[in-house]
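Colleague: Sequence and computational prediction follow.
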Amino acid sequence: QVQLVESGGGLVQPGGSLRLSCGASGFRFSSYTMSWYRQGPGKERELVAVITSAGGSTNYADSVKGRFTVSRDNAKNTVYLQMNSLKPEDTAVYYCRARGQWSDYWGQGTQVTVSS
């Protein structure tokens, strides 16, 4: 059974940090490109960050460059999103996604709220 389980969300003040985790099971994690997406209130879901299967390449949305860092540990079947200097506009449900050659999986999301 394929599972992607996000964790680490919560309420944080502007300027603060959070680290999201996404644990994977049921598929060959090391073969999949992993991504983080988010969907804010009343907004479309948008791509935040991508990391290739071996972790050799990453890409970020312009809105998070320099503040967010995506990483992965293939031995732990986990992808991370370190979020620093958080802003109220980062408030959203954050989802992880696994894309392989033939398969595409999504997690259930974790809420991040940035507010004073």
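Modeller: Now that the structure is in, tell me what you want to look at.
Colleague: C-alpha from now on. contacts and neighbour counts both.
Modeller: Fine.
Colleague: What ranges does this structure have for its strands?
Modeller: 3-7, 10-12, 18-25, 33-39, 46-51, 58-60, 68-73, 78-83, 92-99, 104-106, 110-114 (DSSP state E).
Colleague: Count the residues that sit near the residue nearest to Gly23 when sequence neighbours are not counted.
Modeller: Leaving out its chain neighbours, the residue that sits closest to Gly23 by CA to CA, 6 or more residues apart in numbering is Thr78, at 4.5 Å. The number of residues packed near Thr78 is 20, by other CA atoms under 10 Å.
Colleague: returning to what we had before: could the strands of the chain be laid out in CSV, adding mean pLDDT?
Modeller: Putting those into CSV (pLDDT from 0 to 100) gives the following:
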stretch, mean pLDDT
strand 3-7, 97
strand 10-12, 98
strand 18-25, 98
strand 33-39, 98
strand 46-51, 98
strand 58-60, 97
strand 68-73, 97
strand 78-83, 98
strand 92-99, 98
strand 104-106, 97
strand 110-114, 98
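Colleague: picking that back up, for the residue nearest to Gly23, list the residues it contacts.
Modeller: Shown in contact with Thr78 (CA atoms under 8 Å, 6 or more residues apart in numbering): Ser21, Cys22, Gly23, Ala24, Arg72.
Colleague: confidence score at Gln101?
Modeller: pLDDT, Gln101: 89.
Colleague: what's near enough to touch it?
Modeller: Gln101 touches nothing, counting by CA under 8 Å, 6+ apart.
Colleague: which residues does the residue sitting nearest the centre point of the chain bridge with?
Modeller: The residue lying closest to the centre of the chain (CA atoms, centre = their mean) is Trp36, at 3.1 Å. Trp36 forms beta bridges with Ala49, Cys96, as assigned by DSSP bridges.
Colleague: Equivalent analysis for Leu81, please.
Modeller: Assigned bridge partners for Leu81, using DSSP bridges, are Leu20, Val70.
Colleague: Going forward, the N-terminal residue is numbered 39.
Modeller: Will do, 39 is the new start, and the previous item becomes Leu119.
Colleague: Can you report how many residues lie near it?
Modeller: Leu119 has 23 neighbours, counted by other CA under 10 Å.
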